[in-house]
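**Student:** sequence and predicted model, in that order:
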Amino acid sequence: MKNLSETNYSSALQKVKELKAKFGNTWNAINPESAARMVTQNQFKTGLDIAKYTAAIMRKDMADYDADASNYTQSLGCWHGFVAQQKMIAVKKHHKTTSKRYLYLSGWMVAALRSEFGPLPDQSMHEKTAVPSLIAEIYDFLRQADAIELNDLFRRLELGEDVQDQIDNFETHIVPIIADIDAGFGNEEATYLLAKKMIQAGACAIQIENQVSDAKQCGHQDGKVTVPHEDFIAKLNAVRYAFLELGVDDGIIVARTDSEGAGLTQKLPVSQVPGDLASKYLDFIETEEVNLDQIKDNEVLLKRNGKLVKPVRLPNGLYKFKDGSNIDRVVLDCVTSLQNGADLLWIETPTPNVKQIAHMVNRVREVIPNAKLVYNNSPSFNWTLNFRKQVFEDMLEAGQDVTAYDKDNLMDVKYDGSELCKRADAKIKTFQLDGAKEAGIFHHLITLPTYHTTALHMSDLTKGYFGEDGMLAYVKGVQRQEIRKGVACVKHQRMAGSDLGDDHKTFFAGEKALKAGGKKNTSNQFETKIAKEKEDKVISVMA
């Protein structure tokens, strides 16, 4: 989505000229062209500007998806601003547009990588301030990516290159963030306060889950405890009020239900009239039929179908849901959330199975026809094993010969080149499109990809660097790959803002500026012959 036009630079230029005239000789050193260029390179002045801009993008994308389910969106989880920056630079490079590509901020990665307590599990033990801080950091890095790329274009323009159209139609690196607020970090007031900070930092979409805040667990672990619908609705309201207060009128709320894997609740809601939400929630509680003679002092009782029953209560005071009630609870959670202000759904599932996801979503769509999912393509799933199992069952059902495969050992490396493997990989490849078309998945994300890629790449580099390859491990496995693949970060000084800073220093100090660029800058070693000639011209012009 393009956000720049020629009038931005022109209007900024005119405004600075008018200010110079107003303030007279004291502004003689200010160059209107330089100031207008800096204004153009920083289109988003505040996080709220970003939240409003990106919310509009998401709303349009949601409408596009409703019209055609192949218009799904994607994101990757990022735990640092630099990671997000490099992702979006790569998106623009390889795919020529940022359209339909977002960022995801994972509470899991904030806990594991950004807490001052050190690495933590995904249980809402990290500082709540770490979440808006990371959002702000990510957008700082994305704005810097804009400034660096535009600065290069302006340099080329000054040298006489015809790049005005690229400047006028520049596509920003700023894209929507779907940000994880966990279970809200406290009561509804705490949720509201944190949501405000996240929105002010730039978040246009906030994902919140229906677990108990002080007993929150990762969605792919056991021990999850959900809250009654009334409690969750209060938090949905808190987030909406935060959006409205800050003027982000079309902010997006993603309501996550963990009921598929959660078997416990912390409290029993109070039913006011038969069949209300509280009553439906209570119907899911596992109970034992009793009579008054069997009841001990201080025990909790319910009346169900004219009989007296005792809710099954664990030693820790938590109540147990009926076995097999999880899917019905998921559907009720989803319908209730959409009827009470949520825009998108998130259903945590035990495996990535399109048919199973579609079964739940289709039930929701019987009530809310345009219900849409944000779906976690989680690294917690063993994707290879899950899809080999799915293909094995498909082959078995179709009467095909599967005697060559051990059903209980399908992960074995010996199957990597097999027909079963090829079919499974083909299903993995089309999983996102299939899920979008068949299971209502509007947005596909991977929560923890950069956590795993960092670990993998460090393992590979460490093996060679501290082994026989020594420095060749870095050169061959990293730097040479950056050069061959045109990864901009190979010139890390430029990526950190050195060239941009040199130009700014020239604006500020003129010929007296002490600049980092020049013939003795070792980054010049990474220039191609043509690029180096252009760089030399730029240096001579700016000197």
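**Tutor:** Sure thing, it's come through. Numbers count the residues shown, from 1 in each chain.
**Student:** got the contact list for stretch 136-151?
**Tutor:** The contact list for stretch 136-151 (C-beta atoms under 8 Å, 6 or more residues apart in numbering) reads 37, 40-44, 47, 50, 78, 80-82, 84-85, 88-89, 103, 105, 167, 170, 172-175, 177, 201-202, 494-495, 497, 499-500, 503. In short, each C-beta sits where N, CA and C put it, glycine included.
**Student:** ends of stretch 287-302, how far apart?
**Tutor:** Its start and end residues considered, stretch 287-302 measures 9 Å (C-alpha to C-alpha, to the nearest Å).
**Student:** stretch 425-436: which residues count as buried?
**Tutor:** Counting neighbours by 16 or more other C-beta atoms under 10 Å, one finds that the buried residues in stretch 425-436 are 425, 427-428, 431-432, 434-436.
**Student:** E286: which of those is nearest?
**Tutor:** Checking the buried residues of stretch 425-436 against E286 with C-beta to C-beta, the nearest one is G435 at 32.3 Å.
**Student:** please name the residues that touch that closest one.
**Tutor:** 72, 354, 357, 375, 441, 444.
**Student:** try S70
**Tutor:** 433, 436-437.
**Student:** likewise for F232?
**Tutor:** 210, 255, 333, 336-337.
**Student:** right, and the helix or strand after whichever helix or strand A358 is part of?
**Tutor:** Element membership for A358, per DSSP states H and E: helix 354-365. Once the chain leaves helix 354-365, the next helix or strand it forms, by DSSP H and E, is strand 373-376.
**Student:** among the contacts of F232, name the ones in strands.
**Tutor:** A255 (DSSP state E).
**Student:** now do the helices in the stretch 51-200 of the chain.
**Tutor:** Here the stretch 51-200 of the chain has its helices, by DSSP state H, counting those that start in this stretch, at 81-95, 107-113, 130-158, 164-168, 188-201.
**Student:** show me what the second one is packed up against.
**Tutor:** If I follow you right, that is helix 107-113. Applying 3 or more C-beta pairs under 8 Å, 6 or more residues apart in numbering; DSSP states H and E, we find helix 107-113 packed against helix 130-158, strand 177-180, helix 449-465.
**Student:** quick one, which of these is nearest to K197?
**Tutor:** When the helices and strands packed on helix 107-113 are compared (using C-beta to C-beta), the closest one is helix 130-158, at 3.9 Å.
**Student:** now do the same contact list for the nearest residue to A436 once chain neighbours are set aside.
**Tutor:** Nearest residue to A436, sequence neighbours excluded (C-beta to C-beta, 6 or more residues apart in numbering): Y72, at 3.7 Å. Listed by C-beta under 8 Å, 6+ apart, the contact set of Y72 reads 65, 100, 432-433, 435-436, 441-444.
**Student:** beta-bridge partners for the spatially most central residue of the chain, please?
**Tutor:** Residue closest to the mean C-alpha point of the chain, counted by C-alpha atoms, centre = their mean, is Y104 at 0.8 Å. Using DSSP bridges, the bridge partners assigned to Y104 are G77, I178.
**Student:** returning to what we had before: now, which of the contacts of F232 sits nearest L396?
**Tutor:** So of those, ranked by how close each gets to L396 (C-beta to C-beta), first place is D333, at 33.8 Å.
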